[in-house]
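>>> generate a structure from the sequence data that follows.
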Amino acid sequence: MTDAMIASRSGARGMSEKEYMSGNLLGQEVTAEDVAQAFLHQALAERTTADVTTVDGGNIAAALR
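Now for the predicted structure:
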């Protein structure tokens, strides 16, 4: 995520950039590499079907309902 995106999203939520970036249970940014690793793991899992993997750092607002 770019600095401009972080500033825009944190401002829209009325929080600091630091608060926005640590707003999940892990307290860490979820990167494109994190998502790619999860995707690769799913692709290589030979006996897994209909799997839904959430890569959100523990952000409950992003959880499937």
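>>> report the buried residues of the one helix or strand residue 6 maps to.
Residue 6 is part of helix 3-12, with elements assigned from DSSP states H and E. Neighbour-count burial for helix 3-12 flags residue 10 (criterion: 16 or more other Cβ atoms under 10 Å). Every residue, glycine included, has its C-beta placed from N, CA and C.
>>> what is the helix or strand following it packed up against?
Sequence-wise, the next helix or strand downstream of helix 3-12 (DSSP H and E) is helix 17-21. For helix 17-21, the packing partners by 3 or more Cβ pairs under 8 Å, 6 or more residues apart in numbering; DSSP states H and E come out as helix 3-12.
>>> contacts for the worst-scoring helix or strand of the chain on mean pLDDT?
Least confident helix or strand of the chain, by mean pLDDT, DSSP states H and E, is helix 17-21 with a mean of 87. With contact meaning Cβ atoms under 8 Å, 6 or more residues apart in numbering, helix 17-21 is reached by 6-7, 9-10, 13, 29.
>>> ok, stretch 31-44 next?
Contacts for stretch 31-44 (Cβ under 8 Å, 6+ apart): 48, 51, 53, 55.
>>> biggest helix in this structure by residues?
Taking DSSP state H as the criterion, the chain has its longest helix at helix 32-44.
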